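[1] predicted model, plus sequence, below.
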Amino acid sequence: MDRDDRSNTGAWQGPKLSVDLAGVRLQNPLVLASGIWGSAAGTLARAGRAGAGAVTAKSCSIEPRRGHPNPTVLQWGHGLINAVGLSNPGAEEECRELQAAKEQLGGTGVALIASVFGETPEAFAQAVLALLPASVDLVEVNISCPNVAAELGRPFALDPGPAASVTEAVRSVYSGPLLVKLSPNAPEIAQVARSVVEAGADGLTVGNTLGPGMIIDLEARRPVLSNRVGGVSGPAIRPIAVRCVYEVAAAVDVPIVGTGGVRTGADAMEMIMAGATAVGIGSALEDEGEEVFGRITRELDQLMRQLGIKSLDEIRGCAHV
């Protein structure tokens, strides 16, 4: 008998950690965030076997992209700063990796999420079309990438109109569960959330890195990253991520993957109380590797037992009341 169920005597056997993410059932709410571990099938499967409820591949585009030269990632004491530059092998190769990952995850109950980006709404749609043969469980649309079709490369995620345009383009070619990845840099993230949900999003990933930020090497007297600036992630941005989840959950009634600086079971519970259905795990993997999934799940289970919480549904969004 599953531990989430009641025994024959009716006694409570333990917390129910499973969640429903846009119609896809996850064994637990932890999701490998896009980007941190790439898209190699073996790596995605490793995260799934380690205890993730779902795994997200690194965002890909139609054509391969080299990204920025090293150094691209730095641990700065309170998290990470990175400017990888959206490097990826292109949608054709990504599709093959996703197919292999799907096969390796077969029978585990771990959901597979593809992530795409593009320079125009049409490019997003083309990338999704190229990945359809992989039969992933969900597609994440990363609208936090630069929109080179707009002046100054302004990201789609900063404005409701462009964000909705991308969502509509993808929805026109894809009918499956669709997540749209928002940015904490948006001046009015709740307005962007409403626009993409009205355009067809089934759920939202909230959010992405914050910034850009800069770290300077005192001896070299130059910025450390080759790109000079990069996105900031990790524990330092968690309060901002929680606020973003809270605002979005108050604005729309769709599942949210709360992402940003989560490292403990208490962090995960905080995201869920703010309104998240699932919780993205990213920068924590840099310190601990895949073992982080099992540890956070155990901590969440223990915390729910201590507080007498029987299911995550019971506390989701409770901070709003």
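    Structure received.
[2] just the helices in the protein please.
    41-49, 91-105, 121-131, 160-171, 189-198, 238-251, 265-274, 284-288, 291-307 (DSSP state H).
[3] now the angle from the longest one to helix 265-274?
    Orientation of helix 291-307 against helix 265-274 (axes from the mean of the first three to the mean of the last three C-alpha atoms, to 10 degrees) gives an angle of 70 degrees.
[4] still on that earlier bit, need the helices of the chain in TSV (columns: mean neighbour count, mean pLDDT and distance to P29).
    All C-beta atoms are positioned from the backbone trio N, CA, C, and that covers glycine. Formatted as TSV, the helices of the chain follow (neighbours: other C-beta atoms under 10 Å; pLDDT from 0 to 100; distance: least, C-beta to C-beta, whole Å):
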stretch	mean neighbour count	mean pLDDT	distance to P29
helix 41-49	20	97	14
helix 91-105	19	97	17
helix 121-131	22	97	24
helix 160-171	22	97	24
helix 189-198	21	98	19
helix 238-251	21	98	13
helix 265-274	22	98	7
helix 284-288	16	92	15
helix 291-307	17	97	8
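[5] ok, K310 touching D301?
    No - the criterion here is C-beta atoms under 8 Å, and K310 misses it with D301 at 11.7 Å.
[6] circling back to that earlier point, kindly reformat the helices of the chain as CSV containing distance to R25.
    Formatted as CSV, the helices of the chain follow (distance: least, C-beta to C-beta, whole Å):
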stretch, distance to R25
helix 41-49, 14
helix 91-105, 14
helix 121-131, 22
helix 160-171, 22
helix 189-198, 21
helix 238-251, 20
helix 265-274, 16
helix 284-288, 24
helix 291-307, 16
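[7] among those, which comes closest to S226?
    helix 284-288 (18.8 Å; C-beta to C-beta).
[8] show me what that closest one is packed up against.
    Judged by 3 or more C-beta pairs under 8 Å, 6 or more residues apart in numbering; DSSP states H and E, helix 284-288 is in contact with helix 291-307.
[9] would you mind writing the CA trace of the helix it packs on as PDB?
    Extracted C-alpha coordinates of helix 291-307, given in PDB (Å, rounded to 0.1, in the frame of the first residue of the first chain):
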ATOM      1  CA  GLU A 291      21.400  13.900  -3.900                       C
ATOM      2  CA  VAL A 292      19.700  17.200  -3.300                       C
ATOM      3  CA  PHE A 293      16.400  15.800  -4.600                       C
ATOM      4  CA  GLY A 294      16.200  13.000  -2.100                       C
ATOM      5  CA  ARG A 295      17.300  15.300   0.800                       C
ATOM      6  CA  ILE A 296      14.700  18.000   0.100                       C
ATOM      7  CA  THR A 297      12.000  15.400  -0.300                       C
ATOM      8  CA  ARG A 298      12.800  13.900   3.000                       C
ATOM      9  CA  GLU A 299      13.000  17.300   4.700                       C
ATOM     10  CA  LEU A 300       9.600  18.200   3.200                       C
ATOM     11  CA  ASP A 301       8.100  14.900   4.300                       C
ATOM     12  CA  GLN A 302       9.400  15.400   7.800                       C
ATOM     13  CA  LEU A 303       8.300  19.000   8.100                       C
ATOM     14  CA  MET A 304       4.800  18.000   6.900                       C
ATOM     15  CA  ARG A 305       4.600  15.300   9.600                       C
ATOM     16  CA  GLN A 306       5.700  17.800  12.300                       C
ATOM     17  CA  LEU A 307       3.100  20.300  11.300                       C
END
